[in-house]
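# Structural data only, the sequence is not supplied:
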């Protein structure tokens, strides 16, 4: 807010925490506990890059993905990275990674990080 990003300052990396609300919760299929809840806190990473070489967004995405993999590894979590298919992408995303961790109480993997991916804004060059 109240800050203009200058080209020479790019790339910019920002992390924020926010309280989120969703209408749906767990459907009751879980044997105990809640997997999806109405209110939760999430931490998000954002980056803004220039498009001078055309590779900046992918490089920053690799950096963010590497940071998250390092965090999950340091926590000792058994996780997997899913490179999501194009039909799972919303606009304006052109690539997205989800990270799932093994949840012993559920007996399966569950999403712990979703929607990591670069997005295109501005005029379409085509």
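Arrived safely. Every value quoted in this text rests on a predicted model; they were computed, and no experiment measured them.
# Can you give me the buried ones in the lowest-mean-pLDDT helix or strand in the chain?
When the helices and strands of the chain are scored by mean pLDDT, DSSP states H and E, strand 108-116 comes last with a mean of 83. Of all the residues in strand 108-116, those buried under the rule 16 or more other Cβ atoms under 10 Å are 112, 113, 116. C-beta: built from backbone N, CA, C; applies to glycine.
# One more: stretch 61-75?
Under 16+ other Cβ under 10 Å, the buried positions of stretch 61-75 are 61, 64, 65, 68, 72.
# Can you list the low-confidence ranges for this structure?
Where the chain drops to pLDDT under 70, the residues are 24-36, 117-126.
# what's across from the closest residue to residue 113 other than its chain neighbours in the sheet?
Spatial nearest neighbour of residue 113, chain neighbours left out: residue 99 (3.9 Å); criterion: Cβ to Cβ, 6 or more residues apart in numbering. Beta bridges link residue 99 to residue 81, residue 113, judged by DSSP bridges.
# Just give the number of residues close to residue 99.
Other residues lying near residue 99 total 20 when counted by other Cβ atoms under 10 Å.
# wait, doesn't it sit right on residue 66?
No: if you go by Cβ atoms under 8 Å, residue 99 and residue 66 don't touch, sitting 11.9 Å apart.
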